[in-house]
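Colleague: What would the 3D arrangement of this be:
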Amino acid sequence: MMRRDNKVSDRRFIIIQVLVIVWVMVIGYRLVKLQVKDHDSLRARAERQQQAAIDLSPMRGIVYDRNGNELARSVEAKSLYASPVEIKDAETVADRLAELLDVDRDALYKRLTSKNLVLVAVKRKLTDKEVAQVDALKITGLRFVNEMKRHYVADQTAAHVLGFVDIEERGQGGLEQAYDKQIRGQGGRLVLDVDALNKSYDHSLEESIPGDNMTLTIDLLIQHYAEQALADAIRQHHARGGTIVMVRPATGEILALANYPTFDPNKVGDSDETERCNRAIETSFEPGSIFKLVTYSAALEEKLIRPDTRIDCGGGQIRIADRIIHDGHYGVLTAAQALAKSSNVAAIKIGMMLGNARLAHYIEQFGFGRRTGIELPAEARGLFRPASEWGPTSIGSIPMGHEVGVTAVQAVAAYACIANGGEYVKPHIVKSITDAAGNLIEEPPIEPHRVVSHLTADTIKQMLEGVVVHGTGKAAQVGGYSAAGKTGTAQKIDEQTKRYSQTKYIASFAGFAPVDNPEIACIVSIDEPIGAHHGGDVAAPIFARVVADALRTLGVPPTDEPPPQIASADTHVYNIAETMHDSQVAARIDRDESRPALDVTNNTPAAAMPARGGIVMPDLMGLSIREALALCAASGLKIKPSGDGIVALQNPSPGALVAQDTVCLVKLSKQFVRKDAVARSPGARQ
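Modeller: Residues are numbered from 1 along each chain as shown. A predicted model of the protein is given here:
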């Protein structure tokens, strides 16, 4: 009996031991699981229960202009948050803050009465005035949090280039959008320690990581000049809008890209879509006669014409299929004259010489019909159909700039190609990207490709200079510098009738300066000017103004001599005195048609002479216009030439005593040769 009881006891003991061991193993496993396997998740859960976090805006990289001037940077701003558990009267607080900060009252009240949130946003990134006003309310439960806000240093200047950001500092336009990943950086976090009542008692800050910095090709001063000139022109001509783009031909660097209307990226909420539209790259327009650059360049390259090739413009009209195209130029013109006078008939005839296929090839080579690849979003391709899709009258439209659509950036890149000796360089606006420590990350390569020969480019340069000197682009003459370019006046399509409007035009001028060594290529395009609407009247003067400003800003010295075609300009007075710089003669052309020449001979009584004394009129006979200008420079005399060649007649005559500022009338001729002219020619001088 005793033995049986012992066995039962032993069995019970063993069972208890087993149960204890199993219990210990279960507890051990559970402890291991909680302490090791589930440690991270449980810790995070505890932190969520005991902490609250606010994501802060990142510190975006700084954007500079080409000279190191800051254009955009991130600055510290205060955002207003509220602790719902500490707000005593949510309804009153919502009323006061909604009125003060211009936020939705009902949405704010809903946030202020939330019981599950530690902090709720009232308004992000307040102005200094708003911060002071909120401070004055002395409301318990409100707190300011410092975070980053994008600031555009020059306000509206270069707004379409820079773009803008949203409340979360995400790029929404311009370079801010195109390079958002590089310059955005990583945002920080504000971590709050809270108690069981959801009240914050401590906090820690996780710092943000700044984004990459960017240097642009834009020159802040040139950009400002361009925007000011454009705004003045829009107001003067009551136009709908416009754009100016300036490029360095050799590098493709965009020095200025201006649009009107414009906006302030610091106050983007005050603008509309029209104001934020980057016309220079997003809007296509029919270029009109500025497109003749392609037609003439192609024909010169194919050796179909020379500048002196004679083109019969007939009665100023031409029939293409069932369509008759008119212009105001009659008779026989040389190719150079036809371009200077902007003859549409001549352009069409040259286009017909080329034929559809060859003309289309050169249009594509000059970059039309495809995006340039500029580093800005929403670039348009323009409008250009392959030759296989041209209609029977297309050859009568395309050579003179109709049936095609171009952007301002495409057009200025084409003119820069000619200015660059026939090599096309892709226009770009980003010079370099560096990290926060200044290490170079990216630098766009310059990859030119040849479109036409250097000889063709030089020839078309001289022809385009003729447009400015004695053609439709006289108003584009740049004080102190030679210039070349082409006017364009294009009718717009009426959206209702789908036909060309008789009242709405786009006036343009595209060109470059100085002619011999171009530093600037520029296009000016004015949309729907009222009254005067031709490119030569509206856009050309703006070109002269902004290019002169840009060249002076870049430190380009004025041209020493006037352009070779200067003698053909029989309606200008050349004012030497106003263009002298360090005894050098600059080629500034000043209109002075109203001032008569003052002929004072040796027999003039002394009383008739100005009190300041007289000047002996130099002998200009047999000199070129360049030499005549140089000889008169020291005396401050003006010259009004007519004809072509060398000086055959002059008034006042040589040796006459004249007043300073006298206008000397000179007649140029290719027939007159003086015996001592050779000795006085530039090549014979010592």
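
Colleague: who's the residue sitting nearest the centre point of the chain bridged to?
Modeller: Centroid check for the chain by C-alpha atoms, centre = their mean gives Leu257 as the closest residue, at 1.2 Å. Note on Leu257: beta-bridge partners Val245, judged by DSSP bridges.

Colleague: Just the local confidence number for it, please.
Modeller: Per-residue confidence (pLDDT) for Leu257: 98.

Colleague: Make sure it is actually in contact with Ala159.
Modeller: No: counting by C-beta atoms under 8 Å, Leu257 does not reach Ala159; the two are 10.2 Å apart. Glycine gets a C-beta too; all of them are placed from N, C-alpha and C.

Colleague: what stretches of the stretch 551-686 of the chain score poorly on pLDDT?
Modeller: Within the stretch 551-686 of the chain, the segments meeting pLDDT under 70 span 560-614, 626, 630, 633-636, 643-645, 660-661, 670-686.

Colleague: ditto for the stretch 1-150 of the chain
Modeller: Counting by pLDDT under 70, the stretch 1-150 of the chain contains low-confidence residues at 1-8, 33-34, 36-53.

Colleague: Could you pull out the strands in it for me?
Modeller: In chain order, the stretch 1-150 of the chain shows strands spanning 51-55, 63-64, 70-82, 120-126, 142-152, with DSSP state E, counting those that start in this stretch as the criterion.

Colleague: what does the stretch 451-600 of the chain give?
Modeller: With DSSP E, counting those that start in this stretch applied, the stretch 451-600 of the chain shows strands at 484-493, 500-513, 520-527, 574-575, 580-581, 584-585, listed in chain order.

Colleague: Only the buried residues of the first one, if you could.
Modeller: Residues Ala484, Gly485, Lys486, Thr487, Gly488, Thr489, Ala490, Gln491, Lys492 are the ones in strand 484-493 that count as buried (16 or more other C-beta atoms under 10 Å).

Colleague: Could you do the longest one as well?
Modeller: Buried residues in strand 500-513, counting neighbours by 16+ other C-beta under 10 Å, are found at Lys504, Tyr505, Ile506, Ala507, Ser508, Phe509, Ala510, Gly511, Phe512, Ala513.

Colleague: Who are the packing partners of the helix or strand containing Asp232?
Modeller: In this structure, Asp232 sits in helix 220-237 according to DSSP states H and E. For helix 220-237, the packing partners by 3 or more C-beta pairs under 8 Å, 6 or more residues apart in numbering; DSSP states H and E come out as strand 241-248, strand 253-260, strand 520-527, helix 535-554.

Colleague: rerun that using 6 Å as the cut-off
Modeller: strand 241-248, strand 253-260, helix 535-554 (3 or more C-beta pairs under 6 Å, 6 or more residues apart in numbering; DSSP states H and E).

Colleague: Relative to Arg11, which of the ones you listed is closest?
Modeller: Of all those, the one in closest proximity to Arg11, counting by C-beta to C-beta, is strand 253-260 (95.5 Å).

Colleague: Kindly check the end-to-end length of stretch 365-372 for me.
Modeller: For stretch 365-372, the separation between the terminal residues is 12 Å (C-alpha to C-alpha, to the nearest Å).

Colleague: coming back round to it: make a markdown table out of the buried residues of strand 500-513 and add pLDDT and distance to Glu147.
Modeller: Formatted as a markdown table, the entries for those read as follows, by pLDDT from 0 to 100; distance: C-beta to C-beta, whole Å:
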| residue | pLDDT | distance to Glu147 |
| --- | --- | --- |
| Lys504 | 92 | 48 |
| Tyr505 | 94 | 49 |
| Ile506 | 96 | 45 |
| Ala507 | 97 | 47 |
| Ser508 | 97 | 45 |
| Phe509 | 98 | 47 |
| Ala510 | 98 | 46 |
| Gly511 | 98 | 48 |
| Phe512 | 98 | 47 |
| Ala513 | 97 | 47 |
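
Colleague: Can you tell me which of those is nearest Ser525?
Modeller: Closest approach between the buried residues of strand 500-513 and Ser525, by C-beta to C-beta: Ser508, at 4.5 Å.

Colleague: all helices in the stretch 151-300 of the chain, in order from the N-terminus.
Modeller: 159-162, 174-178, 180-184, 220-237, 273-276, 279-282, 292-301 (DSSP state H, counting those that start in this stretch).

Colleague: Tell me which of these sits nearest to Val616.
Modeller: helix 220-237 (42.2 Å).

Colleague: who touches that closest one?
Modeller: Around helix 220-237, the neighbours that count as contacts under C-beta atoms under 6 Å, 6 or more residues apart in numbering are 65, 69, 157-158, 242, 244, 255-256, 258, 260, 529, 538, 542, 545-546, 549-550, 553.

Colleague: What's the ChimeraX syntax to select whichever of the residues you listed are buried?
Modeller: Command for ChimeraX, covering only those of these found buried under the criterion 16+ other C-beta under 10 Å:
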select :65,157,158,242,244,255,256,258,260,529,538,542,545,546,549,550
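
Colleague: Let me have the helices of the stretch 151-300 of the chain in CSV, extended by mean pLDDT, mean neighbour count and distance to Cys522.
Modeller: Formatted as CSV, those follow (pLDDT from 0 to 100; neighbours: other C-beta atoms under 10 Å; distance: least, C-beta to C-beta, whole Å):
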stretch, mean pLDDT, mean neighbour count, distance to Cys522
helix 159-162, 98, 26, 16
helix 174-178, 97, 23, 21
helix 180-184, 94, 19, 29
helix 220-237, 97, 20, 9
helix 273-276, 95, 14, 23
helix 279-282, 97, 24, 12
helix 292-301, 98, 26, 14
